[in-house]
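J.: Pasted the sequence and its predicted model underneath.
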Amino acid sequence: MHSRNLKLSVTALLWTALWLAAGACSAATQVVYPLTSLDDADSRYEYDWAVLRVALQKTAPRYGAFELKQSTQAMSPQRVAQELLTPGGRINVFARATSPELEQQYIPVRLPIDKGLLGYRIFLVRSADLPRFAAVHTLDDLRKLRVGQGRDWVDVPILRNAGFTVVEGTSYRGLFAMLSAGRFDWFSRGIDEAQREYIERHPSYPDMAMEPALLLQYPLPLYFFTRRDAEGKLLAQRISDGMEMMIKDGSLNTLFQQFKGESIKAGALTKRRVLHIKNPHLPPETPLSRGELWFDPVKGK
């Protein structure tokens, strides 16, 4: 009797182990990205998370099921960075313009999410100042006007290195109020950012305008970053594999055109005066030699 009970116990343990193993294999990978603002008008990252979702979908046959969700608590950029540094933090991926510091602290997926579009900058200004900007023809002309950026944004050292006076704001939302109040003269934004923000914010700031004739350009890749641990390494590889598939099959460009195409056309880039500056903080591993990864303003794609 004792032997029979022992056999039953061993059998039960084996079935339990198999059930747990099967559950572990079928468990969906949890991917959590940050909620950066409680402001309903903040649509800055919609495209990034759309790219992330498709990259995860394309790799499901190899890596398994996934659950993609947004964190429930709004976080400042500083809080987002800290959460990804913390083991077991509330997020395990974010999207951000790269810098040497970010690439040392986190695992970068060195494939530009927006094909480098973020490095093409147009300006939100006060309507009354449009004549001042119409007189800008050189970088020296532009340097006479103060530029606004968020505190610790990667653009800040790039702009300061180029000789601009940069005024930093402590919150994204507050930067629009600072512009309206005359704290700085121009808010440097990505092409699609400026146009969406103008539509979203103009009712609250009716004195705000989009500058129509200038384009500031510098290399500024936007990457996904994951935590520097075993889970983060696997997630980064999965995202990279998925994005490479998207680049190859054209689905990344399809999403790019879906989210960015109208803004690119409306921005009339080929009709603007282009002012180039360097990004001295661009990491040497940046894949600049892969032409298919980067937006071409002449071709519009």
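T.: Right, received. Where do you want to start? Keep in mind that what you see is a predicted model, and the values were worked out from it rather than measured. Numbering: from 1, shown residues only.

J.: Identify the residues contacting the closest residue in space to residue 292 that isn't next to it in sequence.
T.: Nearest in space to residue 292, with sequence neighbours left out and distances taken as C-beta to C-beta, 6 or more residues apart in numbering, is residue 247 at 6.3 Å. (C-beta placed from N, C-alpha, C; glycine too.) Residue 247 sits next to 111, 253, 292, 293 when contact means C-beta atoms under 8 Å, 6 or more residues apart in numbering.

J.: and residue 165, what does it touch?
T.: Residues near residue 165 by C-beta under 8 Å, 6+ apart: 143, 146, 147.

J.: Please pick the buried ones from these.
T.: residue 147 (16 or more other C-beta atoms under 10 Å).

J.: The contacts of residue 165 in helices, which ones?
T.: When DSSP state H is applied, those are split such that residue 143 fall in helices.

J.: Name the spans of this structure whose pLDDT lies under the cut-off.
T.: Along the chain, the parts satisfying pLDDT under 70 run over 1-26, 37-43, 298, 300.

J.: Can you list the residue ranges for strands in it?
T.: Secondary structure of the chain (DSSP state E): strands at 29-35, 66-74, 93-97, 107-109, 120-126, 147-150, 166-169, 186-190, 208-210, 214-217, 222-226, 273-276.

J.: Counting by contacts, list what the second one packs against.
T.: What it means is strand 66-74. The criterion is 3 or more C-beta pairs under 8 Å, 6 or more residues apart in numbering; DSSP states H and E, and the helices and strands that strand 66-74 contacts are strand 29-35, helix 46-58.

J.: ok, now how distant is the residue nearest to residue 292 from residue 55?
T.: Residue 247 sits 10 Å away from residue 55, going by C-beta to C-beta, to the nearest Å.

J.: What's the local residue count around the nearest residue to residue 141 once chain neighbours are set aside?
T.: Here the nearest residue to residue 141 in space, its sequence neighbours aside, is residue 135; by C-beta to C-beta, 6+ apart that works out to 6.8 Å. Neighbour count for residue 135, taken as other C-beta atoms under 10 Å: 8.

J.: Could you do residue 199 as well?
T.: The tally of other residues near residue 199 (other C-beta under 10 Å) stands at 12.

J.: I'd like the distance between it and residue 205.
T.: Separation of residue 199 from residue 205 (C-beta to C-beta) stands at 12 Å.

J.: Now do the helices in the stretch 101-250 of the chain.
T.: Along the stretch 101-250 of the chain, the stretches classed as helices by DSSP state H, counting those that start in this stretch are 130-134, 139-143, 155-161, 172-180, 191-201, 230-249.

J.: Report the buried residues of stretch 248-256.
T.: So stretch 248-256, judged by 16+ other C-beta under 10 Å, has buried residues 251, 252, 253, 255, 256.

J.: What of stretch 292-301?
T.: 293, 294, 295, 297.

J.: Check stretch 184-203 too.
T.: Of all the residues in stretch 184-203, those buried under the rule 16+ other C-beta under 10 Å are 184-198, 201.
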